[in-house]
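Participant: sequence and predicted structure below; questions after.
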Amino acid sequence: MFTTLFNTSDITSSALATATMGCFAAAGLLALGLTWAAERWRISIALCAVAMALSGFYYLGATEVWIASGKASAGPRFATWAAVHPLLVAAAYFYANVTERVPPGVFWRATVAAFLMTLSRYLGDAQIFNPTLGILLSIAFWLYILGEMYFGKMSETVRKATRPVQLGYFWIRLIMTIGWAIIPILHFVDVVIGTGHVAPVVILYTAADAVNLITLSLIYIAVAGKERY
């Protein structure tokens, strides 16, 4: 990306490059936030910083590949999501812990579900079993995570928190509801319908990640800052 020229009319390369810079910028901002945030926020912020750094490295590589070949592969994206989505779910769990301890079982069930959510789509994409089944299983695991966030101990605990914490949790949960719903839809289009990773699909995946990853992560540091300042 930094050594290869591409035209401004190449929207896909521009989107990938923008996501690269956005992820690294968010990772840097979150890392700086660790120096001033209260101790109870640091685990959530650190998890988000790692997730953003991993996403930045993925998009850096994806940008280089697209500029060189005009192609994209689902494999590296799945590998990144397999790490990033559990990290973000874990961050939400520790966010809920800032007011009152949530049972550790919630952490393990939700993070494992986040990993299986990605693994199911990967197995379908790899034709290890039916792609539609992979999507349905992925949706089931995603709905389980939402169930924990809406009706489980996490939600009960956050209701006892301050107004900024409750508002932040509202937006975190909303993004993980609406934003994350875009992923199985796009997966259905590129795998089941069979469009593949064509330019419009890559752009939509990238735009979805800008909200689902970058915006989601920055909510944590915004709430931590609101509490302190």
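Facilitator: Looks like it came in fine.
Participant: give the rounded mean pLDDT of the helix or strand hosting I183.
Facilitator: Per DSSP states H and E: I183 is located in helix 182-187. Averaged across helix 182-187, pLDDT comes to 89.
Participant: any regions of this structure where pLDDT drops low?
Facilitator: Along the chain, segments meeting pLDDT under 70 span 1-9, 228-229.
Participant: any chance you could map the helices in this structure?
Facilitator: 11-33, 42-69, 74-96, 104-125, 131-151, 153-158, 163-174, 182-187, 199-209, 216-228 (DSSP state H).
Participant: any idea how far the first one is from the chain center?
Facilitator: What that stands for is helix 11-33. 13 Å (C-alpha atoms, centre = their mean, to the nearest Å).
Participant: what helices and strands are in contact with it?
Facilitator: Helix 11-33 is packed against helix 42-69, helix 199-209, helix 216-228, with contacts defined by 3 or more C-beta pairs under 8 Å, 6 or more residues apart in numbering; DSSP states H and E. For the C-beta atoms, the positions are set from N, CA and C on the backbone; glycine is no exception.
Participant: give me the distance from the first one to the chain's centre.
Facilitator: In other words, helix 42-69. Using C-alpha atoms, centre = their mean, the offset of helix 42-69 from its chain centre is 11 Å.
Participant: next one: the nearest residue to A31 once chain neighbours are set aside from W108, what distance?
Facilitator: Closest residue to A31 apart from its sequence neighbours, by C-beta to C-beta, 6 or more residues apart in numbering: A49 at 5.0 Å. Here the criterion is C-beta to C-beta, to the nearest Å. By it, A49 lies 22 Å from W108.
Participant: which one's more surrounded, those two?
Facilitator: Legend: neighbour count by other C-beta atoms under 10 Å for A49 and W108, higher for A49 (24 against 12).
Participant: residues contacting that one?
Facilitator: Counting by C-beta atoms under 8 Å, 6 or more residues apart in numbering, A49 touches A27, L30, A31, G33, L34, S217.
Participant: what sits against the residue nearest to L47 when sequence neighbours are not counted?
Facilitator: Here the nearest residue to L47 in space, its sequence neighbours aside, is A91; by C-beta to C-beta, 6+ apart that works out to 4.1 Å. By C-beta under 8 Å, 6+ apart, the contact list for A91 reads I43, S44, I45, L47, C48, A51, S217, Y220.
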